[in-house]
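Student: Return atomic coordinates for the entry below.
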Amino acid sequence: MRRTQCAQVGVFAFLPFCVLLIDAAIRYWSTTDYTKLETFSKSAPRQQWKSPVLTYGLLSLAWSVAAMLAVDSARVKTGTICLVGKHMEAHTPFLQVVLCYMDAIIIAELSSLRRGPGDEPVDISKFFSAFCLVASGLMAIIALFFMIFSTQQLHLSSVARRDLFLDTLMASVAISCAKTLLTWLHPTTVAMLTTGLTLFGYRFRALESSLILPPLSQAYVFQTAAMTTGLAGAWFAMVFYSKSAPRSPTTVLLHRCLVLGYMAAVALFITFSIFFSTNKTHVSLPASIRRLTHAAQSSAEIWQSQAKMSKTLDEAVTQYQNRHFLPPPPHFDKWYEFAMNRSSQVIDSFGQIFDDLIPYWGLEPAEIRARTAHLSEFPEMGMAALQIRNGTLRQSPDIPGTHHWMTDSIEKMMEPFIQYLPDMDFVINLADECRVLPRYEDFWDLRSKGRAAQNKVAQRWKDLQENRNVEGGHFRTWTNNTEWPQDFAEPRKNPDDSFATSSPFVETIRKQLYYKWIADACPPDSAARNSRWWDWSTLCMDCIEPHSELTTGGAVMAHNPPPGGICYQPDLAYLNGFIRSQTQATTKMLLPIFSQARVDGFADILFPSPWNFVDKTEYREDTDLEWGRKGNSLFWRGSSSDGIARDGGWKGFVRARAVHESYQEAGKGSRDAITPRVNVSFAGEIHKCDSPDCGHEFEMFNLWSGAVKPEGETQEGYDLNRASAPFEEHWRHRHLLDMDGAGFSGRFIPFLESRSLPHRAALFLAWFDERLQEWQHYVPVDTRLGRGFWAVLDFLSSSEVVVDDAGFRQTGDEMAERIAEQGRDWAKRALRKEDMQIYMFRLLLEYSRVVSDDRETLGYTGTGIPDW
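Tutor: Numbers count the residues shown, from 1 in each chain. Coordinates of the predicted model:
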């Protein structure tokens, strides 16, 4: 699996030709008269080949070439990197050829042994069994070698064991059938059957992927497939209908079955070809983008109108009740005044907060507080404990000095409203990565309990509205009934200073998260739990189709995947650095951890990032350029921070694939003055890698950096340090690529604030994502990148005209400028520092109610609800 990106698909198609050569050599050297090659065709009456050897050889070779082209033409690659130069994996195609010849030798030798003296069938079961045992022993020794150096090989999931069992079973059946058929058929016929069935199986799987190839490539796919089918038919005709070939009842029956099977395969292939060739993928890329932008504009307008329906406090209270069936939390009036004084564009739509906190309603408040206190005992896990006491924020003394800037920024963010917050404790995740990944059954059980708890409060509110007697009386504001500790918990330590005693976290550092962790957060019937995507070099169509539009330019990301969307994308197990090689510990327990961003399936509570609040990557308008003065180019600079490079896994990381594809695009002769220039490179030091991956990254990153070197400068001496650029360099380019790092990208908000157009490839979602609309404020990019991404970039940089239904004409470049301006305008109104404070204020009000012992009686006691 690790080297499939270096493999040449379809080499197995040469097996019949190789078997022909090997079998001819065996027959030639086994005859007593070395000068008479005719004995080759006279030595086996039942298996003799009456057609000329040369004709058959040429036909086999032609079929092999056509079959390889047919398979390779339908393959859509993911861009996974193959090392070049002297590295072993660069020679993978050569090793494939060697293995093909080894298979041919085994088949030909078994056929020779099976014939026996006088061409009578010989029982070779004992020899064959011994041969299989020896082969199994050798494989076990090789596997043991890998297990010694990677203990993960010892822990296979049930799905992986199932797939291995099925593969083993199918291989055993195929080998047994081949051994039996060698009694009656020429070894080349057996090889032809094996490769033919494999070819048709692969082609059926690849037919759907081929739909996102360009029209010319689709035609080429069907042409090569038709040529392969025709050559196979000619081959079967020569074998089955040679008039001079003697026939026994067994061979006649076998031949008839093979002919019927061949005809059925051809009919099935033609049916599938017709069906898929008339698929809706003939939608043009410009028309698709025009439709997506129009739909995005409508969705954005609807969301924005609903986000600020309230004009008064009473209306805001009513909207809250109508949307959440609960009374607002105490001090809601203070929050409303705070938001209105800062011209907030969002008053009523805080669904993200409500959704984040629902499962915590399913826990008792005392249990939430106990889990919070437990978390504060593990500062070495990146947990920063914060306390609010009497309107003042207190920071844990165990927060590492390297991260004090984060908690200081949070304190600054809360300063204008902290006096309105009750006493509470909460824990901030200092790491970029999200941490809470509960099992699906546990999480949805808590959500169900949370809904029930909220319904209980809603019923209480309804009874009060109808003037009924309610136990506990009216809703009230904050009380002092909830007890909080006065001091921070003492940190726990392990003797070896690694993981603290009784830590709720499990060490997932350098481990693949998807199949063991993320899959458990998915429904039982999901692809994540029931399938594996073993080939990281080939596109998984089922993984992209739900959130993509298939166009003549490739697969275009129509929208972000819905909640739970990661569960239908098992290929992400190897195509994302965070998932492939985690850098932090994770927990399956629902812990109240506040994180800056999270990946789908995680349950961290989102809060505005201190990174953006204190302008760690600041946008300065005076350094920006008007759209017309910017270069028609795509720009990105960064480091390989999206995962730990180990065991070659970095070759599938999104940043590495993006830079690699950019290097390939920059070197294409088809890129001219019309298409955008590609200026994408790694820069700076290489870190977060194991040996020898560090060396491999250094070699490849320096090679790729040559694509961005200034004109006239040679590659020699141009390295990653010289590829570095100041942050203001971004504003010289119209198109900016934004990708996740170890966590979310801290540059995305500055990119939105600029006059450039962000192209966002992200799995991490932040607090602001519910406010943004893809294709209205930015261009979404599937993290698989590929041909569709480059086609979108080319169109949005072009002067190609698109006419909408109203007759409005617009070029791709004008469309890109409009999206950039829409994103800039909305960011300046809805993603300001003030908006971060408004969100944080609302979040802490809601959270403080959830962790209060009397949460069922807490509610806003001002206007809007007369009985309170």
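
Student: Check the residue nearest to F768 when sequence neighbours are not counted and give its pLDDT.
Tutor: Spatial nearest neighbour of F768, excluding adjacent residues (CB to CB, 6 or more residues apart in numbering): L831 at 5.5 Å. C-beta coordinates here come from the backbone N, C-alpha and C atoms, glycine included. Looking at L831, its pLDDT stands at 97.

Student: Isn't L831 up against L752?
Tutor: Yes. Here L831 reaches L752: they are 6.6 Å apart, a contact under CB atoms under 8 Å.

Student: the more surrounded of those two?
Tutor: L752 (28 against 23; other CB atoms under 10 Å).

Student: The more buried one contacts A766, correct?
Tutor: No. Counting by CB under 8 Å, L752 does not reach A766; the two are 11.9 Å apart.

Student: Just the element for the residue nearest to K630 when sequence neighbours are not counted, please.
Tutor: Spatial nearest neighbour of K630, excluding adjacent residues (CB to CB, 6+ apart): R734 at 4.5 Å. Using DSSP states H and E, R734 falls within strand 733-739.

Student: looking at this, P758 is in a strand?
Tutor: Yes. Assessed with DSSP: H, G, I helix; E, B strand; the rest coil, P758 lies in a strand.

Student: residue contacts, it?
Tutor: Contacts for P758 (CB atoms under 8 Å, 6 or more residues apart in numbering) come out as 736-738, 748, 751-752, 778-779, 820, 823.

Student: Quick check on the residue nearest to F768: phi, psi?
Tutor: When read as degrees, to the nearest 10, the backbone of L831 gives phi -120, psi 30.

Student: wait, is T194 part of a helix?
Tutor: Yes. Using three-state DSSP, the assignment for T194 is a helix.

Student: Nearest to the spatial middle of the protein, which residue is it?
Tutor: In the chain, the C-alpha closest to the average C-alpha coordinate belongs to L572, at a distance of 3.1 Å (CA atoms, centre = their mean).

Student: separation between the nearest residue to it once chain neighbours are set aside and Q512?
Tutor: Spatially, and ignoring its direct neighbours in sequence, L572 is nearest to I579 (5.7 Å; CB to CB, 6+ apart). Computed as CB to CB, to the nearest Å, the I579 to Q512 distance reads 7 Å.

Student: what about these two, which has more around it?
Tutor: Higher neighbour count among I579 and Q512: I579, with 24 against 18, using other CB under 10 Å.

Student: so where's the stretch 601-750 of the chain shaky on pLDDT?
Tutor: 669-673, 709-719 (pLDDT under 70).

Student: Would you map the helices across it?
Tutor: Using DSSP state H, counting those that start in this stretch, the helices of the stretch 601-750 of the chain run over 610-613, 654-666, 693-705, 748-753.

Student: For V98, which of those is the nearest?
Tutor: Nearest of the helices of the stretch 601-750 of the chain to V98, taken as CB to CB: helix 693-705 at 23.9 Å.

Student: Show residues contacting stretch 811-821.
Tutor: For stretch 811-821, the surrounding residues in contact (CB under 8 Å, 6+ apart) are 286, 289-290, 293, 627, 632, 734-735, 754-758, 775-779, 795-802, 810.

Student: what does whichever helix or strand F578 is part of contact?
Tutor: In this structure, F578 sits in helix 577-580 according to DSSP H and E. Helix 577-580 is contacted by residues 433, 512-514, 518, 572-574, 599, 640, 642-644, 649-650, 652-655, 740, 742-743, 763-764 when judged by CB under 8 Å, 6+ apart.

Student: Show me what the mean pLDDT comes to for stretch 854-866.
Tutor: Mean predicted confidence for stretch 854-866 is 72.

Student: My error: substitute stretch 95-111 in the last question.
Tutor: In this model, stretch 95-111 has a mean pLDDT of 85.

Student: so how far is that stretch off the chain centroid?
Tutor: 37 Å (CA atoms, centre = their mean, to the nearest Å).

Student: before we move on, what about stretch 841-861?
Tutor: Worked out by CA atoms, centre = their mean, stretch 841-861 lies 37 Å from the chain centre.

Student: now the end-to-end length of it.
Tutor: Across stretch 841-861, the terminal residues are separated by 18 Å (CA to CA, to the nearest Å).

Student: Could you give me the buried positions within that stretch?
Tutor: Under the neighbour-count criterion of 16 or more other CB atoms under 10 Å, stretch 841-861 has 841-852, 855-861 buried.

Student: Next one: S609 from V779, what distance?
Tutor: Per CB to CB, S609 is found 22 Å from V779.

Student: These two - which one has more neighbours?
Tutor: Applying other CB under 10 Å to S609 and V779 shows that V779 carries more neighbours, namely 28 against 24.

Student: Please name the residues that touch the residue nearest to that one when sequence neighbours are not counted.
Tutor: Ranked by CB to CB, 6+ apart and with sequence neighbours excluded, the top spatial neighbour of V779 is H759, at 4.7 Å. The neighbours of H759, taking CB under 8 Å, 6+ apart as the test, are 634, 735-738, 778-779, 781, 789, 792-793.

Student: what comes up buried for stretch 668-688?
Tutor: For stretch 668-688, the neighbour count (16+ other CB under 10 Å) marks 675-683, 686, 688 as buried.

Student: Averaged over its residues, which helix or strand of the chain has the lowest pLDDT?
Tutor: When each helix and strand of the chain is scored by mean pLDDT, DSSP states H and E, helix 39-42 comes last, with a mean of 43.

Student: any idea which helix or strand comes after it?
Tutor: From helix 39-42, the next helix or strand downstream (DSSP H and E) is helix 53-73.
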